[in-house]
Every structure is written in C-alpha cells, then in structure tokens.
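K.L.:
Quick one, structure for this:
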Amino acid sequence: MRFIPALALLCCFACTTDFDLEGDFEDLPVIYAFINRQDTAHYVRVERSFLTGGADATQLAQDPEKIYYPSAKVELEKIGTTTQKFTLSRVDGNKEGYPRVDGPFAKAPNYLYKIKANLLNLKGGETLRVVVTPSENRGKVSAETTVLTDLQSLDRPASPVTMVDYSRSITFAWNAPTSARLFDLRLRIHYRESTTGNNFENKTLDWTVIKDLERTDEELRVAHTITGQQFYTFLANNIDGTVNRRRIFDGFDVLVTAGGKEMADLLRISRANLGITSSQVTPQYSNVAGGVGVFSSRATLLRTGLQLSGPSSDSLRLGRFTKRLGFQ
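P.N.:
As a prediction, the model looks like this:
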C-alpha cells in the first residue's frame, strides 16, 4: 500500500518525504516544527498521510479535507520539575506571511498551529514536547527536543576584512552550545547599482557559503574557512558585468543558522544509503512517536556591517575576477 504524506518542511533544507508502509492504517499524523526561541511566534505543522486506495493521488492532495485533521488539538509542554502545557491556535499560514510553496498539495487553506513566543517564554536548554491529539477517537502523538541556547560571539573575521591575496584564508567563527549540531553559514552582500544619472538602487546578494555543516567535536567553538578567490568569484558569477553600471560596495552581513540533534540525524540518515554500493533506498527519519515527521530546534546569529579593507576594495575594483563589474 502506498501512503502519500502531506508535508511542507518549515526548515532550511529539503528532504525526501515519500514513504511506504504495510498495514491497514486510515491515516498517519505528520508533524513538522523547528522551534527558534528568538522568533516572535512559534508554528507547528500538523497534517496527515492518507491511503490512495487506487485513486489519483494528485487529486487527493488538492483536497484540504484529506490533508488536515478538522479538530486536532496541538499542545506544547515545557518539561521540568513541573510540566507546563500550552494549547496552540489553528491559523492560516497564508495570512500569517508564510504562504505554502508550490507543490502537489493544496495551497489554501494552509493550516498551521501557532502560539506567541511571549506566552511560551522558552529558555535555552529546556526540554520541549509537542503533543498532538488528531481527533477524539485517536491516541496522542508526541515528540521532544532540546531548545537551543542562543549562538554567541561571531567574532571572526575582524572588520574590515582583508581579501587582497586570492588564496588568503578568511575564517568565520562563532560559539554554539553542544546541543547545536548542524549549521548553515550565509553572507548577505549589500551594494548599490546605478540606474540613471546619479540615481542608485540598493541591491542584496545572499551567498550560502556552506550548508549542513556538522560539528566534529564537543568544543563550543565552530568555524569555517573560505578564500578571497571564492568571495570575488561569487560576485563575478552573480552580478551581470555585461551591462554598463556603476556600483558601490556597502559591506556584508554574516548569518549563522544552527539546528538541533534531530536535524543532524535527519541529514545523516538521508546520506547513509547513498553511494555506489547503496541499495538506492533512503531510510526515513522521524522522531515523532505514533506518527512521522521532525520536531527540532533552531537558533540564528546575525552580525551586520562588515566592510572590506582598503586594499581589498582595490581588488574588488581592479582584480581579475571583478574588474568588469564597475565597482568604484
């Protein structure tokens, strides 16, 4: 029997979500949430997989009654010496600023379960449990995660950043709790581009420097290194140098996103069966008891306003990779 899970990941990476099961299930609860204590509100996606029963799965996926439980109860529990319970409200993600991406499933309504962050008041290191009761006659489904403590001290590289030598190493380093296991590092590059006369338009480029960086030890310090050539090559490949424009470099921001153990486990399992000797069947990861999905925690760290050193600005203007871009 073939089950089609109604999933839409609320995370920074994609994964395979089709799976096969044997048994006479009518449906299976599917839960996804990636809790960040720095957010102003927290959202949990609760949906259900369903038997196709020989019907056209693409048509079934467009029917909200097949995707959502009409009366599900969703709670978050803070586990400690006493357990605090909080009931979430069902909202339409489309109206919350989180439209559903294009795919096989109905885009509207886009039901999520929400609670404002100030009501939950999460602390780093707390154990958080999600408990879902799909309907009155269904048992509870649950999962737990450790709330990530905020990332700290993204203190490298020093600003202004020196990238004169294309082979020079530039290290990005930050402190993170050991419960943070997976990291994305992005640079947000700001510049202005001439339009007409002396008018300039603000532009931004996002560069994913590395995705799914796993820490290799229990040290608080995490680091990743690039070269000046990688930086200038990214600019050359993503700014159109064939058009005559004047450009002014305004600096860049550094954004680190961390994921908890569950995210690292998901990535590790998805990679486990790849390669020339694999069986070509990727095992599925879930930390949801009684259902499927991933319940984990995230944290972000942003450092703004990094600049290039004077000689590095000269390399931007005159270097072999970027001299045609018109930077002043």
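
K.L.:
Which residues does the strand or helix carrying His224 contact?
P.N.:
His224 belongs to strand 221-227 when elements are defined using DSSP states H and E. Applying C-beta atoms under 8 Å, 6 or more residues apart in numbering, the contact partners of strand 221-227 are 156, 166-176, 183, 185, 209-210, 213, 215. The C-beta positions use only the backbone N, C-alpha and C, and glycine is treated the same way.

K.L.:
can you map out the strands along the stretch 201-328 of the chain?
P.N.:
221-227, 247-259, 292-306 (DSSP state E, counting those that start in this stretch).

K.L.:
Any buried residues in stretch 92-110, and which?
P.N.:
93, 98, 100, 105-106, 109-110 (16 or more other C-beta atoms under 10 Å).

K.L.:
tell me the domain ranges of this protein?
P.N.:
The record's domain parsing of the chain by automatic domain parsing lists 2-147, 152-259+301-325.

K.L.:
Tabulate those in TSV, adding columns for distance to Val294 and mean pLDDT.
P.N.:
Shown next, in TSV, are these (distance: least, C-beta to C-beta, whole Å; pLDDT from 0 to 100):
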stretch	distance to Val294	mean pLDDT
domain 2-147	6	80
domain 152-259+301-325	10	93
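
K.L.:
chain center to stretch 221-228: distance?
P.N.:
20 Å (C-alpha atoms, centre = their mean, to the nearest Å).

K.L.:
What distance do you get for the residue lying farthest from the centre of the chain to Arg246?
P.N.:
Relative to the centre of the chain, and counting by C-alpha atoms, centre = their mean, the farthest-placed residue is Gly197 at 40.2 Å. Distance, Gly197 to Arg246, by C-beta to C-beta, to the nearest Å: 11 Å.

K.L.:
try Tyr69
P.N.:
Between Tyr69 and Arg246 the computed distance is 56 Å (C-beta to C-beta).

K.L.:
residues of the strand holding His224 that come out buried?
P.N.:
Those would be 222, 226, for strand 221-227 by 16+ other C-beta under 10 Å.

K.L.:
go on, stretch 304-311?
P.N.:
Those would be 306, 308, for stretch 304-311 by 16+ other C-beta under 10 Å.

K.L.:
what's that stretch in contact with?
P.N.:
With contact meaning C-beta under 8 Å, 6+ apart, stretch 304-311 is reached by 157, 159-164, 249, 251-254, 316.

K.L.:
Stretch 314-328 now?
P.N.:
By C-beta under 8 Å, 6+ apart, the list of residues contacting stretch 314-328 reads 163-164, 166, 191, 228-229, 232-233, 235-236, 239, 241, 244-249, 308, 313.
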